[in-house]
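Student: I would like to see how this sequence folds:
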Amino acid sequence: MNLISRISQHFQDSVQTKLSAVEVMAAPLARAVEMMVQTLMNNGKILACGNGGSAADSQHFAAELVGRFERERPELAAVALTVDSSILTAVANDYSFDEVFAKQVRALGQPGDVLLAISTSGNSPNVLAAVRAAREREMRVVALTGKGGGAMNQVLGEADVHLCVPADRTARIQETHLLAIHCLCDGIDCMLLGDA
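Tutor: Residues are numbered from 1 along each chain as shown. Got it, this is the predicted structure:
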């Protein structure tokens with residue numbers, strides 16, 4: 001086994017996935033930025049959720065909005081639904097793990113807010129339940145998926161934005177999700193602050 005060759009292949013595969021993704025994701029990313037900016041300008045908030053690496057991505061996104069991305073600016077309203085261990089364990093214990101995000105969406109979400117729903121397969125039951133709860137609350141959804149979008153394709157509405165990475169390998173999807181998150185953050189800052 002040649003580790004240098006193997007590592008080089010990871011880099012090449014990641015670059016190729018991102019180049020393939022830009023063709024299908026650039027326009028929906030722009031729509032998602034516009035949706036999020038409209039929400040923030042109307043004193044709304046963005047809730048974010050996902051499992052595992054996608055949980056970390058939801059936290060990363062919220063941190064970039066509440067703190068800053070690359071430029072100083074006022075704080076923006078974003079909440080990662082993955083961080084409150086008491087809520088997560090209480091809901092998982094008393095109801096089911098499928099409800100850990102949906103209950104928070106119903107408690108915190110308001111009409112006009114946005115849910116950033118992240119699932120590499122598009123099939124995570126708790127993320128899908130959160131999307132359904134967001135629809136009940138008259139929220140819009142930006143979904144980050146891969147692998148063809150899975151069940152997410154059936155729960156999204158016409159006003160929602162589906163950002164589906166054209167890949168099947170989880171690592172490549174997650175790498176592209178991080179790039180998409182940075183595109184969202186940069187686009188939001190650009191629309192609010194102008195070009196840098």
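Student: which other helices and strands contact the helix or strand hosting Asp189?
Tutor: Using DSSP states H and E, Asp189 falls within helix 170-193. When contacts are defined as 3 or more Cβ pairs under 8 Å, 6 or more residues apart in numbering; DSSP states H and E, helix 170-193 packs onto helix 3-41, helix 53-66, strand 140-145. The way it works is simple: take the backbone N, C-alpha and C, and place the C-beta from them, glycine included.
Student: right, so of these, which gets closest to Gly112?
Tutor: Gly112 lies closest, by Cβ to Cβ, to one member of those: helix 3-41, at 6.0 Å.
Student: What mean pLDDT does the closest one get?
Tutor: Averaged across helix 3-41, the pLDDT comes to 97.
Student: buried stuff in that helix?
Tutor: By 16 or more other Cβ atoms under 10 Å, the buried positions in helix 3-41 come out as 14, 17-18, 21, 25, 28-29, 32-33, 35-37, 39-40.
Student: could the helices and strands packed on helix 170-193 be laid out in a markdown table, adding distance to Gln104?
Tutor: A markdown table is the format used below for the helices and strands packed on helix 170-193 (distance: least, Cβ to Cβ, whole Å):
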| stretch | distance to Gln104 |
| --- | --- |
| helix 3-41 | 17 |
| helix 53-66 | 12 |
| strand 140-145 | 15 |
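Student: For Asn153, find the nearest of those.
Tutor: strand 140-145 (8.5 Å).
Student: what angle do the closest one and helix 3-41 make?
Tutor: Following axes from the mean of the first three to the mean of the last three Cα atoms, to 10 degrees, one obtains 180 degrees for the angle between strand 140-145 and helix 3-41.
Student: buried residues in the following helix or strand past strand 140-145?
Tutor: As assigned by DSSP H and E, the chain's next helix or strand after strand 140-145 is helix 152-155. By 16+ other Cβ under 10 Å, the buried positions in helix 152-155 come out as 152, 155.
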